[in-house]
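Trainee: Test case, fold it:
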Amino acid sequence: MAAELKFDPLESFAAIERLVGKVYFRFSHLFLQQSALRDFWWQMGVEEEQHAAILLACKEMIQNYPDEAVDPSIGREKAAELQTRLDVYLARGTPTLGVEEAFRIALEIENSEIEAIYGKLLSLGGPKIAKTMENLGVPASVQRQKLRAALQRYCKDPGLLSEAQKIR
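Mentor: Below you'll find the predicted structure:
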């Protein structure tokens, strides 16, 4: 019987952040003829890649601080659930997505547990790691504000605009 690989939450959630980045990079390709939208989605994808790199850097840093560790309650099942959800987005026929549907998917992603878990992973690394991570990339809260501003600029759907108001 093969031994099960040890679950590493930082590696798993870094992979999930990269999947979110792939979703946003695909959106950028949908709007090649609309440079502002193309560039917005491209930048969102880049920032998700930064989040993945931050998680991997956090993993390395934790090894240097024996008094700090990741909470073991963040498990394999939650990572698998989130990855499955993102795989569904990637499998969709993205060439047929319109502007509002792209924003709807982004809201679903950003309002999901992904961001809460990402924040929890960083904070559970301890104060030394949290402070260092703060300086490495675009904070998720800043990214969500950019999403809100872009959604308000490009969408007319009242439901989406209402959701945009809930973004913090």
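
Trainee: close enough to count as contact, residue 40 and residue 150?
Mentor: Yes. Between residue 40 and residue 150 a contact is recorded at 5.1 Å, counting by Cβ atoms under 8 Å. For every residue, glycine as well, the C-beta is placed using N, CA and C.

Trainee: Could you pull out the residues contacting both of these two?
Mentor: Any residue near both residue 40 and residue 150 by Cβ atoms under 8 Å, 6 or more residues apart in numbering counts here, and not one turns up.

Trainee: How much space separates residue 40 from residue 33?
Mentor: Residue 40 is 14 Å from residue 33, where distance means Cβ to Cβ, to the nearest Å.

Trainee: Which one's more surrounded, the two?
Mentor: Using other Cβ atoms under 10 Å, the more surrounded residue of residue 40 and residue 33 is residue 40, with 22 against 7.

Trainee: buried set for the helix ranked longest in the chain?
Mentor: With DSSP state H applied, the helix covering the greatest number of residues in the chain is identified as helix 35-64. For helix 35-64, burial by neighbour count (16 or more other Cβ atoms under 10 Å) applies to 37-38, 40-45, 47-52, 54-59, 61-62.

Trainee: Tell me the helices and strands packed up against that helix.
Mentor: helix 9-30, helix 99-110, helix 113-124, helix 127-134, helix 140-154 (3 or more Cβ pairs under 8 Å, 6 or more residues apart in numbering; DSSP states H and E).

Trainee: Export only the CA atoms of stretch 10-27, formatted as CSV.
Mentor: The C-alpha trace of stretch 10-27 is given here as CSV (Å, rounded to 0.1, in the frame of the first residue of the first chain):
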residue,chain,number,x,y,z
LEU,A,10,0.9,26.4,1.8
GLU,A,11,1.9,24.5,-1.3
SER,A,12,-1.8,23.5,-1.9
PHE,A,13,-3.1,27.0,-1.6
ALA,A,14,-0.3,28.4,-3.7
ALA,A,15,-1.5,26.0,-6.4
ILE,A,16,-5.0,27.3,-5.9
GLU,A,17,-3.8,30.9,-6.2
ARG,A,18,-2.1,29.9,-9.5
LEU,A,19,-5.4,28.4,-10.7
VAL,A,20,-7.2,31.7,-9.9
GLY,A,21,-4.5,33.4,-11.9
LYS,A,22,-5.1,31.1,-14.9
VAL,A,23,-8.8,32.0,-14.8
TYR,A,24,-8.0,35.7,-14.9
PHE,A,25,-5.4,35.3,-17.6
ARG,A,26,-8.0,33.5,-19.7
PHE,A,27,-10.3,36.4,-19.1
